[in-house]
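S.K.: Turn this into a structure:
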Amino acid sequence: MGTGASTADAVVIGSGAFGASTAYHLAKRGFKVTLVDQHALGSQTSPRAAGLTSKADTLPTMARLRHEACEAFERFESEMGRTVDFHRSGSLRAAYTDAAVERVRIAQETARACGIDARGIDAAEAERLAPHFKPGAARSILHVPSDGWVDPAKVAIGFATRAGELGVRLLPFTPVQGLLSEGGRATGVMTPRGEIRAPVVVDAAGGWTARVAAGAGITLPLIPVRHQLFITEPIAGVRRIGLADMRRHGDLRDPHRGFAARRHRLQQGFRHAHRRDAAVRRPRGGARRGNTGPAHCLGGPDRL
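M.R.: Alright, predicted model coming up:
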């Protein structure tokens, strides 16, 4: 392993979806970039994401950004030479509380102001779009036809691979041991391979972002939060849905509870259903029952 100093126009710390995308776009603009990661490229939290897009946001800037991201995923294969399996299935966002209803209302108004098709639908229409979804006591359901999902494992590595093809220096298994600085500005990083000097240092370290920033005396209010991942048994209404139908039928989101789900063609159940709270009961085989919103669709192994 070499230990000599090197230089770059920018060094990006972290090769997840954000870091790898940043490295790619900088290289596309002609910058000399080094991408470092303490683990294998694109191997940490990014491939474990739900892979769902969600255009309707309460903030106009985020709504426009998410809309642009969807369009980028649509073009991904033609621009990158590899696919992320993007499917415009549409999304359903269900609200069960006063706070959630208000957030959905604002998200719908914001989406429309940004030119994004978003409309309220009733329970019957929701079940037609997603036969496995039983809205129960949902007070509001938002449908965004242009939302979709990707294979999250292909996004970060797709960006990183293309970045490498454009000349980005890729350094997996290279932990950042410290930041270099001069006059109060970051000027590079220290690694076991040696110093990498650059006038621009991008902190895209995911769960380690706050720790990296602390090395520059910056306090970021970021805390890694454990998510729950459920792989279900076959679920009635999903079992006989083929791949073509899966690409059309809406995916489920309940942002108030921190819940989201989409189907998986191999399991014919849910590919990814997660909740942000740490204490979630895992039901024994079959569907979870009760007036709990989308969570009643869950069923899975005794332990994860």
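S.K.: Pull the number of nearby residues for the residue lying closest to H143 once chain neighbours are set aside.
M.R.: Leaving out its chain neighbours, the residue that sits closest to H143 by Cβ to Cβ, 6 or more residues apart in numbering is I121, at 4.8 Å. For every residue, glycine as well, the C-beta is placed using N, CA and C. Look at I121: counted by other Cβ atoms under 10 Å, it has 16 neighbours.
S.K.: Next up, the contacts around I121.
M.R.: L92, L129, I141, L142, H143 (Cβ atoms under 8 Å, 6 or more residues apart in numbering).
S.K.: what's the answer for A214, then?
M.R.: A214 touches L220, counting by Cβ under 8 Å, 6+ apart.
S.K.: related to what we said a few turns ago, for the contacts of I121, which two are the farthest from each other?
M.R.: Within the contacts of I121, L129 and L142 form the most distant pair, 11.7 Å apart (Cβ to Cβ).
S.K.: what touches both of the two?
M.R.: Residues touching both L129 and L142 by Cβ under 8 Å, 6+ apart: L92, I121.
S.K.: Helices along the protein, start to end?
M.R.: 17-28, 60-80, 98-113, 123-129, 152-165, 209-214, 243-246 (DSSP state H).
S.K.: picking up where we left off before, Throw the contacts of I121 into JSON lines and include pLDDT, distance to A210 and neighbour count, thanks.
M.R.: Formatted as JSON lines, the contacts of I121 follow (pLDDT from 0 to 100; distance: Cβ to Cβ, whole Å; neighbours: other Cβ atoms under 10 Å):
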{"residue": "L92", "pLDDT": "90", "distance to A210": "34", "neighbour count": "26"}
{"residue": "L129", "pLDDT": "87", "distance to A210": "39", "neighbour count": "20"}
{"residue": "I141", "pLDDT": "94", "distance to A210": "36", "neighbour count": "21"}
{"residue": "L142", "pLDDT": "94", "distance to A210": "33", "neighbour count": "22"}
{"residue": "H143", "pLDDT": "94", "distance to A210": "36", "neighbour count": "21"}
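S.K.: can you redo these as JSON lines with distance to V189?
M.R.: Formatted as JSON lines, those follow (distance: Cβ to Cβ, whole Å):
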{"residue": "L92", "distance to V189": "43"}
{"residue": "L129", "distance to V189": "48"}
{"residue": "I141", "distance to V189": "47"}
{"residue": "L142", "distance to V189": "43"}
{"residue": "H143", "distance to V189": "45"}
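S.K.: A40: which of those residues is nearest?
M.R.: L92 (34.9 Å).
S.K.: residues contacting the nearest residue in space to G115 that is not next to it in sequence?
M.R.: Spatial nearest neighbour of G115, excluding adjacent residues (Cβ to Cβ, 6+ apart): H67 at 7.9 Å. Applying Cβ under 8 Å, 6+ apart to H67 gives the contacts K55, C114, G115, I116.
S.K.: Equivalent analysis for A123, please.
M.R.: Taking Cβ under 8 Å, 6+ apart, one finds P135, A138, I141 in contact with A123.
S.K.: can you check D57 too?
M.R.: With Cβ under 8 Å, 6+ apart, D57 has these contacts: A63, R66, A107, T110, A111.
S.K.: ok, 7 Å please
M.R.: A63, R66, A107, T110 (Cβ atoms under 7 Å, 6 or more residues apart in numbering).
S.K.: Perfect, I'm done here.
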